[in-house]
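**Student:** I'd like to go over a predicted model; first the sequence, then the structure.
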There are 2 protein chains.
Amino acid sequence: MLSERQRMILNAIIDDYIRSAEPVGSRSISKRGDVSFSPATIRNEMADLEEMGLLEQPHTSAGRIPSIKGYRYYVDHLVTLGEIGDREARMIRSFFAEKMTHWEGIIEHAATVLSQMTNYTSIVLGPEMFNTALKHFQVIPLTDNSAVAIIVTNTGHVEHRTISIPEGITMDDMTKIVNLLNDKLAGVPFYKVKSVLHSEIAKELSRYVERFEEILALLEQTIDEKQDPKVFLSGASNMLTQPEFKDVDKAKSILGMLEATPLVVQLFQSNPGGIQVKIGTENAHEAINHCSLITATYSFDGQSLGTIGILGPTRMEYAKVIGLLDYLSKDIVQLMSRWHK
Amino acid sequence: MLSERQRMILNAIIDDYIRSAEPVGSRSISKRGDVSFSPATIRNEMADLEEMGLLEQPHTSAGRIPSIKGYRYYVDHLVTLGEIGDREARMIRSFFAEKMTHWEGIIEHAATVLSQMTNYTSIVLGPEMFNTALKHFQVIPLTDNSAVAIIVTNTGHVEHRTISIPEGITMDDMTKIVNLLNDKLAGVPFYKVKSVLHSEIAKELSRYVERFEEILALLEQTIDEKQDPKVFLSGASNMLTQPEFKDVDKAKSILGMLEATPLVVQLFQSNPGGIQVKIGTENAHEAINHCSLITATYSFDGQSLGTIGILGPTRMEYAKVIGLLDYLSKDIVQLMSRWHK
DNA sequence: CTTTAGCACTCGTCGTAATTGAGTGCTAAC
DNA sequence: GTTAGCACTCAATTACGACGAGTGCTAAAG
């Protein structure tokens, strides 16, 4: 348990360090308005805080910097969400003024705006198909032996793939099957599609169409294909602005990791919804052990539409970022429901 | 005009510099097997080459490095396309073994593979809709007042947008219009869509549907919407491997530029098809004045399907990259035609 | 006339040493 | 419990000399 004074000092140190990126000493804390004790007193408290593991010293004769545990305490107990600044308010307003054409577009654009507002990197994860339901399925012939298959989900998400059509299958057969699938599969969530296909549809289909297995297999594969969620990065170069990554090797390992979609997806796992903060080594990947990741999941009507994450150094402006993310998330949900009212 | 010996020396210097990233001196050239003259002789030639603007000296008492003009000469006259290495051959083979589901996917994946093979950054530009023709247009209702509009081009490219449906428009009217549009617009190239809409369709439509203008305006806007081509980056972090960008600021200005889609699109303008090399200041943007960009446009059936660019330092392995790009481009075209045979 | 050996000169790089100063911990006084 | 004073530590900065790679020029050799 921390005393009131200790909390003030911890707060002051973290604030200072977030601003300056340099170890902060007792003197500079003492000179701030809010903690009016002498450097010596503050030094004593600082030693205590260090013993508790909330602060650390890069070397003797340097000031203190917050430890992971220190940041954790700060985020959990100390941070007060800042007001949205003028500049931010303007950016958000113009964000909502733009015309949006896809779900993904909204989230992506939000991420771009966020990375500009914060000077950190933002990461967007597309929606998981898993929980959504099929709305419409269609095959559009392209040439004699190729076609485009299009899948629309109830959230308005669209997937498409080019498929090649086996020799001897007529477009007519294809259409029959696609129609039947639409009848039977509309509204079925994707995780059930496979079983419904086999239990209800296969038999019925056999009456209408010859060689139905072949076509069905093709379509099943088309609908069911697992794929990594789309990952969209914005402001990755902002990472290079941070003094902690002035060392190219560190920067490279982070940027390199961000380019590997599956690794990024891992970072976002265990997402209980709402806003979540992962600090330093709390993150799933070693490359960002000196970073913090703040994530927000946007859902509408109970279905996750995507996740936005802001990645910065552990010394990141938690108050600002959490505030923005929170604010924006409410606005986005509102926008979506107005759109879908 | 260069003498045979000068060309050999220039070639040797550039090769060396590409390998080592360090200014190369007369001695080290002389010690290579292929140019057996004394350092003094080579120094004389080097001074001449410098006078011609093909080489430059970072400072007195350093070796020479190639100038932009030097690289240009090298690329235009000296470079001999290397054979594809074992490792590369294997990667390309496994690339073609994977199952592809969209056009874009092929090009994107090719870019990923290229960036891994070369350790440079690869940039993919999606196809220009402009030249393609409409294959199919469809509107799929989502809720009472929203729908997904889907556009399929004759190249198998799919675009989609969510639109909101004005109060009082029935799905029935919508369907009628969409059907008519499909009849009339199928095969019409996009740059003509707008005029065809107005000249041929508007009048006919007025017979069927009330409030047709409103719907038509909506759909026109949907189909005609200009948008920047998709830009896809791969291996951007490879940039940080290059010793010339160990300075974080330089790296940041490059990566920052790569994140601005319109700027990247500019870089790719003036693309006559085939393989093109832009060296240093020949590039459209200052941020990559120390980079070279090698681009290849992939077309099939006369229509551009996308462009791949490889971005590296001016000191880049031209022979290897041009060779790979050339090789891959032929394979991709072949794959596409087999797919569409 | 071309090529090459020899040599003085330039200038960036590297390693070492000296200096500086921010910050601490401890002790003793308030 | 708080604070002033002081000795001590250690990273960062600066200064300096040695080193060496590489050049340009001159004069001799082919």
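**Tutor:** Nice, I can see it.

**Student:** quick one: name the residues of the stretch 51-200 of chain A near DNA strand D.
**Tutor:** Near DNA strand D, the residues belonging to the stretch 51-200 of chain A are A:P58, A:H59, A:T60, A:S61, A:A62 when assessed by Cβ under 7 Å from any atom of the strand. Every C-beta, even on glycine, is put in place using the N, C-alpha and C of the backbone.

**Student:** check contacts around the last one.
**Tutor:** Contacts here follow Cβ atoms under 8 Å, 6 or more residues apart in numbering or on different chains; on that basis A:A62 touches A:P23.

**Student:** now the first one
**Tutor:** The neighbourhood of A:P58, defined by Cβ under 8 Å, 6+ apart, consists of A:P23, A:I65.

**Student:** could you dump the residues of the stretch 51-200 of chain A next to DNA strand D into a markdown table with distance to B:T101, pLDDT and secondary structure added?
**Tutor:** Output for these, formatted as a markdown table (distance: Cβ to Cβ, whole Å; pLDDT from 0 to 100; DSSP: H, G, I helix; E, B strand; the rest coil):
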| residue | distance to B:T101 | pLDDT | secondary structure |
| --- | --- | --- | --- |
| A:P58 | 51 | 95 | coil |
| A:H59 | 55 | 93 | coil |
| A:T60 | 59 | 91 | coil |
| A:S61 | 60 | 90 | coil |
| A:A62 | 55 | 93 | coil |
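
**Student:** convert the helix or strand hosting A:M91 to CSV, retaining C-alpha atoms only.
**Tutor:** Secondary structure here is read from DSSP states H and E; on that basis A:M91 sits in helix A:86-97. Included here for helix A:86-97 are C-alpha records, laid out as CSV according to Å, rounded to 0.1, in the frame of the first residue of the first chain:
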residue,chain,number,x,y,z
ASP,A,86,-8.5,21.3,-29.4
ARG,A,87,-6.4,19.8,-32.1
GLU,A,88,-7.7,16.4,-31.4
ALA,A,89,-11.3,17.5,-31.3
ARG,A,90,-10.9,19.1,-34.7
MET,A,91,-9.3,16.0,-36.1
ILE,A,92,-12.1,13.8,-34.8
ARG,A,93,-14.7,16.1,-36.1
SER,A,94,-13.3,16.1,-39.6
PHE,A,95,-12.9,12.3,-39.3
PHE,A,96,-16.6,11.9,-38.8
ALA,A,97,-17.3,14.4,-41.6
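
**Student:** give the other helices and strands that that helix contacts.
**Tutor:** helix A:103-118, helix A:318-339 (3 or more Cβ pairs under 8 Å, 6 or more residues apart in numbering or on different chains; DSSP states H and E).

**Student:** now do the first one against helix A:86-97, angle only.
**Tutor:** The reference is to helix A:103-118. 170 degrees (axes from the mean of the first three to the mean of the last three Cα atoms, to 10 degrees).

**Student:** so the helix or strand just after helix A:103-118, near chain B or not?
**Tutor:** Per DSSP H and E, helix A:103-118 leads on to strand A:121-125 as the next helix or strand towards the C-terminus. No. Legend: contact between strand A:121-125 and chain B by Cβ under 8 Å from any Cβ of the partner chain is lacking; minimum distance shown is 10.2 Å.

**Student:** please name the nearest non-neighbouring residue to the residue of the stretch 151-300 of chain A found nearest DNA strand C.
**Tutor:** Taking Cβ to the nearest atom of the strand, DNA strand C has its nearest neighbour within the stretch 151-300 of chain A at A:P243, 15.4 Å off. Leaving aside its sequence neighbours, A:P243 sits nearest to A:A21 (Cβ to Cβ, 6 or more residues apart in numbering or on different chains; 4.8 Å).

**Student:** repeat that for A:H160.
**Tutor:** For A:H160, ignoring the flanking residues on the chain, the nearest one in space by Cβ to Cβ, 6+ apart is B:V158 at 4.2 Å.

**Student:** what do you get for A:G82?
**Tutor:** Among residues not flanking A:G82 along the chain, A:A319 sits closest, at 4.6 Å (Cβ to Cβ, 6+ apart).

**Student:** kindly state the pLDDT recorded for the one you found?
**Tutor:** Model confidence at A:A319, given as pLDDT, is 96.

**Student:** tell me how many other residues surround it.
**Tutor:** When neighbours are defined as other Cβ atoms under 10 Å in any protein chain shown, A:A319 has 18 of them.

**Student:** from memory it sits against A:E83, does it?
**Tutor:** No. With contacts counted by Cβ atoms under 8 Å, A:A319 stays clear of A:E83, the gap being 9.8 Å.

**Student:** the residue of the stretch 151-300 of chain A closest to DNA strand C - how many residues pack around it?
**Tutor:** When neighbours are defined as other Cβ under 10 Å, A:P243 has 12 of them.
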